[in-house]
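Model the structure of this input:
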Amino acid sequence: MAIFDGGFYEHSFGFRLGRSAHDAVKASQGFISEGCTTAIDIDLAKYFDTVNEKLMAFVAREVEA
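Now for the predicted structure:
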């Protein structure tokens, strides 16, 4: 995943080197203390079972580079 890590949103924690669910909770607590009232949790566990060909072509180009 290191190939794509630089393209992820700063506050993304899933499958990121050196980041964990505990880090996500800690970050969320920090946002709550700053006054934020909404958190979004998205589980993409089955996403790659249905991913389209265009995205997979992009992934293939990035992996080859």
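
Just confirm residue 20 contacts residue 27, I think it does.
No - counting by C-beta atoms under 8 Å, residue 27 is not a contact partner of residue 20; they are 10.8 Å apart. From N, CA and C alone the C-beta is placed, and that goes for glycine too.

Of the two, which one has the most company?
A direct count of neighbours by other C-beta atoms under 10 Å for residue 20 and residue 27 places residue 27 higher, at 15 against 11.

How about the more buried one: what's its closest non-neighbour residue?
Excluding its sequence neighbours, the residue lying closest to residue 27 (C-beta to C-beta, 6 or more residues apart in numbering) is residue 11, at 6.4 Å.

Could you look up the SS state of the one you found?
With DSSP: H, G, I helix; E, B strand; the rest coil as the basis, residue 11 sits in coil.

Report the secondary structure state of residue 22.
On the three-state scheme (three-state DSSP), residue 22 is labelled helix.

what about it, neighbour count?
A total of 9 residues lie near residue 22 under the criterion other C-beta under 10 Å.

Flag every buried residue along stretch 15-33.
Buried residues in stretch 15-33, counted by 16 or more other C-beta atoms under 10 Å: residue 24.

Just the C-alphas of that stretch, formatted as PDB.
In PDB, the C-alpha atoms belonging to stretch 15-33 read as follows (Å, rounded to 0.1, in the frame of the first residue of the first chain):
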ATOM      1  CA  PHE A  15      -4.600   0.000   5.900                       C
ATOM      2  CA  ARG A  16      -2.000   2.800   6.400                       C
ATOM      3  CA  LEU A  17       1.500   2.000   7.600                       C
ATOM      4  CA  GLY A  18       2.000   3.200  11.100                       C
ATOM      5  CA  ARG A  19      -1.700   3.900  11.700                       C
ATOM      6  CA  SER A  20      -4.300   1.900  13.600                       C
ATOM      7  CA  ALA A  21      -7.900   1.900  14.700                       C
ATOM      8  CA  HIS A  22      -6.700   3.300  18.100                       C
ATOM      9  CA  ASP A  23      -5.100   6.200  16.200                       C
ATOM     10  CA  ALA A  24      -8.400   6.800  14.500                       C
ATOM     11  CA  VAL A  25     -10.300   6.900  17.800                       C
ATOM     12  CA  LYS A  26      -7.700   9.200  19.300                       C
ATOM     13  CA  ALA A  27      -8.000  11.600  16.300                       C
ATOM     14  CA  SER A  28     -11.800  11.500  16.600                       C
ATOM     15  CA  GLN A  29     -11.600  12.400  20.300                       C
ATOM     16  CA  GLY A  30      -9.400  15.400  19.300                       C
ATOM     17  CA  PHE A  31     -11.900  16.500  16.700                       C
ATOM     18  CA  ILE A  32     -14.700  16.200  19.300                       C
ATOM     19  CA  SER A  33     -12.800  18.400  21.700                       C
END
